[in-house]
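[1] the sequence and its predicted three-dimensional model are supplied below.
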Amino acid sequence: MDNTYDVIVIGAGYSGLSAARLLKSAGKKVLVLEARDRVGGRVHTRHLDDGQYIDLGAQWIGPTQSRMYDLLKEFSIPAFKTHDEGKTILHWGGKTKTYKGLIPPLPIPALLSLNNAIKKINKLSGTIDPASPWLAEKAGYWDSLTLQGWMDQHMMSTKAKQLFSLAAQAIFAAHPAEVSMLFALYYTRSGRDFDTLMNIRNGAQEERILGGADLPARKMAEILQPNIRLSMPVTSIEQSSEAVIVRCGPEQFKGSKVILAIPPPMLAKINFITPVSAGRKQLWQRMPMGAVWKCYAIYPEPFWRKRGLNGVVASDEGYARVVFDNSPYDASRGILMGFVLADEARALSTLNEAERKKAILASFEKYYGKEAAQPLLYMDQTWVEEEWSQGCYTAFMGPHTMTSLGKLLRVPEGRLHFAGTETAEEWNGYMEGAVRAGEREARRILAS
């Protein structure tokens with residue numbers, strides 16, 4: 001068997017598959033190595049016995065995510081609107097209120113504070129070049145601050161600050177005290193603005209993929225067969241002036257180039273026999289993954305819609321503080337999905353399955369009434385404990401990482417190229433960013 005290739009791609013998520021497909025279409029001999037027993041990476045659709053499915057990982061697409069829509073068009077896969085008709089629930093300070101539109105029912109000072117903070121972060125992020133955020137005029141200052149530090153400086157209303165913090169945690173799957181302000185601006189700019197990242201309509205949560213979010217990945221994998229090897233975690237990489245040797249346990253493969261399309265913490269686990277630069281190792285060490293659980297409750301129907309509710313919740317208590325209506329396009333079932341984020345995600349990880357179910361359903365009952373306490377099925381997914389991701393949605397940077405090491409994010413080292421959504425200039429952290437990053441590195445290799 002000939003184990004020599006033009007390019008070896010490590011990781012069969014959207015980034016690795018996109019890179020491999022472009023290279024293969026250009027006539028290159030490509031091999032994709034994936035540690036899991038499936039493709040998709042941090043996108044994983046689970047199909048249930050009754051024909052329903054739920055997306056355990058990434059699931060939404062929205063405006064300007066052109067490469068994902070190109071894939072849907074190519075494979076004739078429809079998308080459908082995320083349900084957002086009706087009133088949103090705000091459960092705050094022990095009281096439940098409902099409201100229509102984007103403006104929560106807050107006292108005027110809190111509302112003004114929240115609105116001003118969003119406008120400021122949009123204006124600041126607009127000054128960032130996503131290709132080189134470390135070159136921004138105030139990059140050093142912003143990178144010395146956390147997002148929380150910036151909020152403390154610019155937001156006087158406690159309630160507004162709490163709501164802004166909840167939105168930030170839903171965007172980053174990390175507490176604002178963990179995230180560099182410069183990284184927050186970079187990430188916001190890569191997805192247009194803060195409003196886009198928060199919103200359903202005209203936002204990053206606008207649509208879902210019929211058949212599940214990993215369906216386009218599985219279609220790409222069909223094209224790439226038999227060039228994909230599953231259950232093949234890479235243990236070591238050795239490069240010379242002539243080639244790269246990639247080892248998966250006892251098996252080894254030789255390539256002219258390698259694209260690493262896996263999260264930074266996973267890169268740090270590979271034994272680079274020919275050492276990579278100290279700065280690159282430091283970068284991987286200083287890019288932790290976000291912490292998130294997705295908790296699902298499935299009902300015979302979306303009963304909340306009859307009450308004029310859109311299913312969306314924002315709350316300041318419990319584990320599931322952000323909830324969406326995740327029902328199928330035809331409303332043949334009612335599905336609520338609660339995000340458990342950052343500190344609450346780590347706390348939920350200390351509970352067993354029965355305790356988690358009890359806690360999440362208690363919150364759902366508080367938001368939606370007694371009917372929410374009796375689902376047909378409850379299930380949840382943690383990405384923190386998932387072996388080949390160790391977190392979700394994406395890796396982020398704390399203070400003084402972007403300015404000191406960020407320039408290494410997408411720069412090749414010898415025969416090694418780096419993809420993955422973490423390296424994307426547009427839609428960093430999203431499926432769209434993953435596709436763009438994979439194609440970028442494929443084009444870079446073809447150009448060389």
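    Received the coordinates, thanks.
[2] from the centroid of the chain, which residue is nearest?
    By Cα atoms, centre = their mean, the chain has its centre lying nearest to residue 393, at 3.0 Å.
[3] that residue reaches residue 429, doesn't it?
    Yes - assessed by Cβ atoms under 8 Å, residue 393 is found in contact with residue 429 at 5.4 Å. Glycine gets a C-beta too; all of them are placed from N, C-alpha and C.
[4] so residue 48 sits against residue 56, correct?
    No - Residue 48 is beyond contact range of residue 56, at 11.6 Å (criterion: Cβ under 8 Å).
[5] who has more neighbours, the two?
    residue 56 (25 against 14; other Cβ atoms under 10 Å).
[6] not counting sequence-adjacent ones, nearest residue to that one?
    The shortest distance from residue 56 to any non-neighbouring residue, by Cβ to Cβ, 6 or more residues apart in numbering, is to residue 381 (4.1 Å).
[7] any idea what the residue lying closest to residue 324 once chain neighbours are set aside is bridged to?
    Counting by Cβ to Cβ, 6+ apart, residue 324 lies nearest to residue 337, which is 5.2 Å off, once chain neighbours are set aside. Beta bridges link residue 337 to residue 296, residue 324, judged by DSSP bridges.
[8] give me the number of residues near residue 337?
    Count around residue 337 with other Cβ under 10 Å applied: 22.
[9] contacting residues for it?
    54, 294-296, 323-326 (Cβ atoms under 8 Å, 6 or more residues apart in numbering).
[10] at 6 Å instead, please
    294, 296, 324, 326 (Cβ atoms under 6 Å, 6 or more residues apart in numbering).
[11] do residue 196 as well
    203-204.
[12] what does it show for phi and psi?
    Reported as degrees, to the nearest 10, the phi and psi values for residue 196 are phi -60, psi -40.
[13] for the protein, what's the longest strand?
    strand 251-260 (DSSP state E).
[14] residue 229 pairs with what?
    Beta-bridge partners recorded for residue 229 (DSSP bridges): residue 33.
[15] hmm, it is touching residue 33, no?
    Yes - using Cβ atoms under 6 Å, residue 229 is in contact with residue 33, at 5.5 Å.
[16] more crowded one of these two?
    residue 33 (23 against 14).
[17] list just the nearest of the contacts of residue 337 to residue 127.
    residue 324 (31.5 Å; Cβ to Cβ).
[18] quick one: the helices in the stretch 51-200 of the chain?
    Secondary structure of the stretch 51-200 of the chain (DSSP state H, counting those that start in this stretch): helices at 66-74, 108-125, 139-144, 147-154, 158-172, 181-190, 194-198.
[19] which of these has the highest mean neighbour count?
    helix 181-190 (a mean of 26; mean count of other Cβ atoms under 10 Å).
[20] identify the contacts common to residue 48 and residue 56.
    Joint contacts of residue 48 and residue 56 (Cβ under 6 Å, 6+ apart) do not exist.
[21] count of neighbours near residue 99?
    13.
[22] list the beta-bridge partners for it.
    If you apply DSSP bridges, the partners that residue 99 bridges to are residue 88.
[23] wait, it sits on residue 106?
    No - Residue 99 lies out of contact with residue 106 (Cβ under 6 Å); the separation is 9.6 Å.
[24] returning to that earlier point: just the closest of the contacts of residue 337 to residue 60, please.
    Nearest to residue 60 among these, with distances taken as Cβ to Cβ, is residue 324, at 9.1 Å.
[25] distance check, that closest one against residue 304.
    11 Å (Cβ to Cβ, to the nearest Å).
[26] higher neighbour count, the two?
    residue 304 (27 against 23).
[27] for that one, helix, strand, or coil?
    Classification of residue 304 by DSSP: H, G, I helix; E, B strand; the rest coil places it in helix.
[28] which ones are touching it?
    Taking Cβ under 6 Å, 6+ apart, one finds 311, 368 in contact with residue 304.
[29] not counting sequence-adjacent ones, nearest residue to residue 163?
    Spatial nearest neighbour of residue 163, chain neighbours left out: residue 114 (5.8 Å); criterion: Cβ to Cβ, 6+ apart.
[30] quick one: low-confidence parts of the stretch 251-400 of the chain?
    Low-confidence segments of the stretch 251-400 of the chain, defined by pLDDT under 70: none present.
[31] helices of that one, start to end?
    Going by DSSP H, counting those that start in this stretch, the stretch 251-400 of the chain shows helices at 264-267, 278-285, 342-348, 353-368.
[32] can I get these in TSV with mean neighbour count and distance to residue 150?
    Output for the helices of the stretch 251-400 of the chain, formatted as TSV (neighbours: other Cβ atoms under 10 Å; distance: least, Cβ to Cβ, whole Å):
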stretch	mean neighbour count	distance to residue 150
helix 264-267	23	24
helix 278-285	16	23
helix 342-348	19	17
helix 353-368	18	30
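[33] closest one to residue 132 among those?
    Comparing the helices of the stretch 251-400 of the chain against residue 132 with Cβ to Cβ, the closest turns out to be helix 278-285 (15.2 Å).
[34] what about the closest one, distance to the chain center?
    Mean C-alpha position of helix 278-285 versus that of the full chain (Cα atoms, centre = their mean, to the nearest Å) differs by 22 Å.
[35] neighbouring contacts of it?
    For helix 278-285, the external contacting residues (Cβ under 6 Å, 6+ apart) are 264, 267-268, 405, 408.
[36] could you redo the last one with a cut-off of 8 Å?
    Contacts for helix 278-285 (Cβ under 8 Å, 6+ apart): 264-265, 267-268, 401, 405-406, 408-409, 413.
[37] which one among those gets closest to residue 124?
    residue 406 (17.1 Å).
[38] neighbours of that closest one, how many?
    Neighbourhood size, residue 406 [other Cβ under 10 Å]: 22.
[39] grab the nearest non-local neighbour of it.
    Spatial nearest neighbour of residue 406, chain neighbours left out: residue 134 (5.0 Å); criterion: Cβ to Cβ, 6+ apart.
[40] find me the pLDDT at the one you found, would you?
    We have a pLDDT of 98 for residue 134.
[41] now for it: which residues touch it?
    143, 182, 402-403, 406-407.
[42] chain neighbours aside, what residue packs nearest to residue 96?
    The shortest distance from residue 96 to any residue other than its chain neighbours is 6.2 Å, reached at residue 89 (Cβ to Cβ, 6+ apart).
[43] hmm, the one you found is touching residue 313, no?
    Yes - between residue 89 and residue 313 a contact is recorded at 4.5 Å, counting by Cβ under 8 Å.
[44] domains of this structure?
    Residue ranges for the domains of the chain, per automatic domain parsing: 4-42+214-288+394-447, 108-198.
[45] end to end, how far does the shortest one reach?
    Which is domain 108-198. 21 Å (Cα to Cα, to the nearest Å).
[46] one more: stretch 45-54?
    Stretch 45-54: ends 6 Å apart by Cα to Cα.
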